[in-house]
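Peer 1: Based on what follows, work out the 3D shape:
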Amino acid sequence: MHLKRILSAVALLPAFLLLVQFGTPFHFFLLVTLAILVGLHEFYGMAKAGGWHPLTLLGMGSGLALSYMEFLGAPAPWLISSLAGVVVLLFISLLVGGTEPKEAASRGAITLLGLIYVAGLLSFPALLRAMVLGRIYIFYLVFVTWAGDTGAFYVGSTMGKRLLCPSVSPRKTVEGSVGGLMCSILASGLAKLWFWEELGTVECLALGLGLGVMGQAGDLCESMLKRSFGVKDTGGLIPGHGGVLDRVDSLLFTGPVLYVAALAGWV
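Peer 2: Prediction:
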């Protein structure tokens, strides 16, 4: 298991870093779009395994359209109007598609949940990349988030004794959580020394801790969804890691945090 994780990282991480460094924001958006489509497919697949019946094609198409509008910088009223249009289209599809009335609410709810959870949250890295400091933001986001993930995994595997949230995840431990937070803060400090010297000391510590906490929250929330649907992994696309959602679950929560901090001028 550990060997597969390492080999997958060795194979995929350099390509990702090269794309961020030498590609344009649009190239990165294409990568994010692919991740959104695969992630939505995985989410709706999990939902079906759990006995739900989402409108998969509608959800995937809507996710693609909304993420593209976000990337183009559509004003908030347009995005809200588009989301309202998706809701209307969803209900009309349920109405004319012969859906049993007792299932209409659940089918609509699970379709919208996947749309917001995957397409909505995963769009933020593309928005970050389109900013002036886009490359630095993405390098920082991935470095700190995945350092926390890796630290929590290995510290928990070797030293973990007290379960953190057994009702959601039987393997995550308090020791792993603390180790993950320490690794996130350490990674934030290393990022300041390595490629983001302009980052203030207070912001460095606050962001490291904040992204560490939110990354673990994202991981636990995905575990909650998988337990709710009765599946172990979101997919098997990445050996040793599971599906795309298994790999980006923490980024779903850390991306919006860094974007808000950047948008507000804090970093």
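Peer 1: Who does the helix or strand hosting Lys172 pair with, and is each partner parallel or antiparallel?
Peer 2: Here Lys172 sits within strand 169-173, counting by DSSP states H and E. Looking at strand 169-173 with DSSP bridges, its partner strands are strand 163-165 (antiparallel).
Peer 1: Name the residues that touch the strand it pairs with?
Peer 2: The set of residues external to strand 163-165 that reach it, using CB atoms under 8 Å, 6 or more residues apart in numbering, is Pro170, Lys172, Thr173, Val174, Gly176, Ser177, Leu220. Any C-beta I mention is one placed from the backbone N, CA and C, and that applies to glycine too.
Peer 1: Can you point out the buried residues in it?
Peer 2: For strand 163-165, the neighbour count (16 or more other CB atoms under 10 Å) marks Leu163, Leu164 as buried.
Peer 1: swap in stretch 49-66?
Peer 2: So for stretch 49-66, counting by 16+ other CB under 10 Å, buried means Trp52, Pro54, Leu55, Thr56, Leu58, Gly59, Met60, Gly61, Ser62, Gly63, Leu66.
Peer 1: what is the rounded mean pLDDT of that stretch?
Peer 2: The average pLDDT for stretch 49-66 rounds to 93.
Peer 1: how far does it sit from the chain's center?
Peer 2: Stretch 49-66 sits 17 Å away from the centroid of its parent chain (CA atoms, centre = their mean, to the nearest Å).
Peer 1: quick check: mean pLDDT across the strand holding Lys172?
Peer 2: 84.
Peer 1: returning to what we had before: just give me the closest of the contacts of strand 163-165 to Ser81.
Peer 2: The closest of the contacts of strand 163-165 to Ser81 turns out to be Leu220 (CB to CB; 33.5 Å).
Peer 1: what sits against that closest one?
Peer 2: Contacts of Leu220 (CB under 8 Å, 6+ apart): Leu164, Cys165, Val168, Ser169, Lys172.
Peer 1: Cys221 too?
Peer 2: Asp249, Phe253.
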